[in-house]
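# model this:
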Amino acid sequence: LRLLAPTSLSLGQDAQRVDNAAFSFAGGRVSLDRFERRAGLLATRGSLTRLPLAPLLDLLAEPLPLRTDLRVGGSWDIQLDNALDGRVSLRRESGGVSLTDPAVTLGLTQLDLDLRAVANQLSADIDINTAETGPIHLEGRTRLTHEDGKLLLLRSAPLNWSAQARLPDLRVVRPFLPLGVKADAQLSFDLSGSGTLAEPVLDGTLAASGIRFSMPESGITIRDGIVKLKLDNNTVSVSEGVLEGQAGRILLTGTANWRNPTGGLTLKAEEFAVFTRSDRRLWVSGTTRLGYAAGRVTLDGDLRADKARIEMPEANRPRLSDDVVVVGQPPRTDPHARRTPLDMDLRFDLGDDFLFKGAGIDARLGGNIRVFTLNEALRGEGSIRVIKGRYSIYGQTLDIERGVLSFTGPIGNPTLDILAVRKTGDVTAGVKVSGTIERPLAKLYSDPAMSDTDTLSWLVLGHGLDESDSAKFGALQLMAGALLSQAESASLQGRLADVLSIDNFEVRGGDNPEDISTTVVSVGKRINSRLMMNYEQSLDGLEQVVKAIYHVSPKFRVEVMTGSNTGLDVFYTLEYD
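Numbers count the residues shown, from 1 in each chain. Okay, the predicted model is just below:
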């Protein structure tokens, strides 16, 4: 801060005065036309030009998450005696403001601040305009109280304010959205407040139109929508609410109290497309209610699937373990952090057109299930039934004669009752699964009763087994062991891999599914993060292959094999989301 020219300075025990002082500050100019203090009077008048904001922000104890080269100009004329009178005016002259995390340039084009005081009555007007948000106008009024020679802003002071804005889109919030999430809307609000600082009263309207939202990875899409809120004496109500999906719509109604946080929102779905992915499509109708009271969230309702097409891929994408830390990304939320308690009670009807395909099952499902919370744990009641379906195993397609998942406890561990069979003449052979999802018990089933090996022969080959064929006999025993081991926490193949200190052990069908002797046994060992060695041999001993798989990059790999077949394969993978 530098004084530009000599100025008049008068100092006394009872009075001090400065006239016509001019200062330079970081490339800006401050003109102090008058500063006077005497016997209870404080008066000052002046102006400023191209004053930078950044050096003033550096004086804050906690830095703000923004960068600025904003320079302002303005003037002031203030007199404080028994009451406060005067005005302060600030204007943007150049520069702007940008956020640092995430990096967002606001494109500030206007910043006007006008403060006025008349006999302790304060009023303020603020106008802001940016390339990212559009115009915003705020104004307010309150009153100061003079007590014991001091001016105080009491909590009982009257308060009146208003705010208006028209935002053409949501580009300013897009950097804050999770990766892959897209959202847009036109926002407007016209709010006003009254009451006191301690007990404000809020009134006005808020509206969002042209609402668009999508999460392509999850198949969630809102292609259009409008929501209008009305605020009346701290009560918020939805005066109009419609969300249009790829198909169908959701109607919204509800009210909430602003001062005492309580309220509820009702969502009525009309054949609404919840998911629209190629492998996950679901249309629902029904009503759900979301509420909040006494620090708890409630969710209840009745929904029915109008149509569903759910496909489960053979192998889902891998997920990182909870203890993995990725450099450059913020740490994961503490799973033990305090969460708002949820009371849920949802009833879901699968309807008449619910198709599921995955894990070898291709079926139409039906039934009803209730999902609710009990002592903060998610539980289920009801059953899901296979109306008609097929199950593929060992290259064969079985008819599901009975398939029921019964929920009587934790939602993730229903009871199983499944019977899938293949009928050949007078012989019925199949698989019967009981137990629970966590500990399923698979058994071979036949009518008339026969041994597991004979049953599996009828199941896979469609005829009985000649025990003189040792290769087929051994293969069927191995298949039966792998199937029946599903009751354990790991499959027989997985346990063999652990015992033999190898990375994978696999039994799969050969070139001729009808000939068990062509079944291939494969073992593999990972040498390092890029190289994998595999040895494969058919049960008839005619096929023997040693294979080396080398990953040059996440998308590029080379496979070299030798033995009964010799060759070189080069693979380049492209993924489309």
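
# Tell me which stretches of the stretch 1-150 of the chain form helices.
Taking DSSP state H, counting those that start in this stretch as the criterion, the stretch 1-150 of the chain carries its helices at 54-57.

# just the strands in the stretch 401-550 of the chain please.
Listed in chain order, the strands of the stretch 401-550 of the chain (DSSP state E, counting those that start in this stretch) span 415-424, 427-435, 440-447, 504-508, 520-526, 531-538, 544-551.

# Which of the ones you listed has the lowest mean pLDDT?
Lowest mean pLDDT of those: strand 504-508, a mean of 68.

# Low-confidence ranges, the stretch 201-350 of the chain, go.
313-319, 330-339 (pLDDT under 70).

# Dead centre of the protein: give me the residue that sits there.
Closest to where the C-alpha atoms of the chain average out (C-alpha atoms, centre = their mean) is P178, at 6.9 Å.

# Out of the strands of the stretch 401-550 of the chain, the one nearest D349 is which?
Closest to D349 of the strands of the stretch 401-550 of the chain is strand 415-424 (C-beta to C-beta; 20.1 Å). Using the backbone N, CA and C atoms, a C-beta is placed for each residue, glycine as well.

# And for L41, nearest residue in space, chain neighbours not counted?
Distance criterion C-beta to C-beta, 6 or more residues apart in numbering; nearest residue to L41, sequence neighbours excluded, is D81 at 5.1 Å.

# show me the contacts for the one you found.
By C-beta atoms under 8 Å, 6 or more residues apart in numbering, the contact list for D81 reads 40-42.

# Same check on A207?
Neighbour list for A207: 187-189, 226-229 [criterion: C-beta under 8 Å, 6+ apart].

# Give me the nearest residue to K555, chain neighbours excluded.
Nearest residue to K555, sequence neighbours excluded (C-beta to C-beta, 6+ apart): T573, at 4.9 Å.

# Please report phi then psi for that neighbour.
Main-chain torsions, T573, degrees, to the nearest 10: phi -110, psi 130.

# That one is in contact with S553, isn't it?
No: at 9.8 Å, T573 does not count as touching S553 under the criterion of C-beta atoms under 8 Å.

# re earlier: read off the pLDDT value for the residue nearest to K555.
For T573, the model assigns a pLDDT of 84.

# Using JSON lines, please lay out the strands of the stretch 401-550 of the chain together with distance to S98 and mean neighbour count.
JSON lines is the format used below for those (distance: least, C-beta to C-beta, whole Å; neighbours: other C-beta atoms under 10 Å):
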{"stretch": "strand 415-424", "distance to S98": "57", "mean neighbour count": "18"}
{"stretch": "strand 427-435", "distance to S98": "59", "mean neighbour count": "20"}
{"stretch": "strand 440-447", "distance to S98": "57", "mean neighbour count": "16"}
{"stretch": "strand 504-508", "distance to S98": "52", "mean neighbour count": "15"}
{"stretch": "strand 520-526", "distance to S98": "48", "mean neighbour count": "16"}
{"stretch": "strand 531-538", "distance to S98": "48", "mean neighbour count": "17"}
{"stretch": "strand 544-551", "distance to S98": "41", "mean neighbour count": "16"}
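
# Of all these, which one comes closest to L167?
Of all the strands of the stretch 401-550 of the chain, strand 544-551 sits nearest to L167, with 47.9 Å by C-beta to C-beta.

# Tell me the helices and strands packed up against that closest one.
Applying 3 or more C-beta pairs under 8 Å, 6 or more residues apart in numbering; DSSP states H and E, one finds that strand 544-551 makes contact with strand 531-538, strand 556-563.

# which one of those lies closest to A26?
With C-beta to C-beta as the measure, strand 556-563 is the member of those nearest A26 (54.9 Å).

# Give me the sheet partners of that closest one and which way each runs.
Note on strand 556-563: by DSSP bridges, its sheet partners are strand 544-551 (antiparallel), strand 567-572 (antiparallel).

# can you tell me which of these comes nearest to S239?
Of the strands paired with strand 556-563, nearest to S239 by C-beta to C-beta is strand 567-572, at 55.6 Å.

# how about the CA coordinates for that closest one, as CSV?
Presented in CSV, the C-alpha positions along strand 567-572 are these (Å, rounded to 0.1, in the frame of the first residue of the first chain):
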residue,chain,number,x,y,z
GLY,A,567,-0.1,-72.1,-33.8
LEU,A,568,0.2,-68.4,-33.0
ASP,A,569,-2.8,-66.2,-32.3
VAL,A,570,-2.8,-62.4,-31.8
PHE,A,571,-5.8,-60.7,-30.1
TYR,A,572,-6.7,-57.1,-29.9
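
# and it, which residues are buried?
Residues of strand 567-572 include none that count as buried (16 or more other C-beta atoms under 10 Å).

# distance between it and the chain's centre?
Centre-to-centre, strand 567-572 and its host chain are 39 Å apart (C-alpha atoms, centre = their mean, to the nearest Å).

# neighbouring contacts of it?
555-561.

# swap in stretch 103-110?
With C-beta under 8 Å, 6+ apart as the test, stretch 103-110 has contacts from 70, 92, 95-99, 127-133, 135, 172, 175.

# Can I get the buried part of those as one PyMOL selection?
Listed next is the PyMOL selection for buried residues among the contacts of stretch 103-110, using 16+ other C-beta under 10 Å:
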select buried, resi 70+92+95+96+97+99+128+129+130+132+133+172
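
# Of the contacts of stretch 103-110, which belong to strands?
Applying DSSP state E to the contacts of stretch 103-110, the entries found in strands are 92, 97-99, 127-130, 135.
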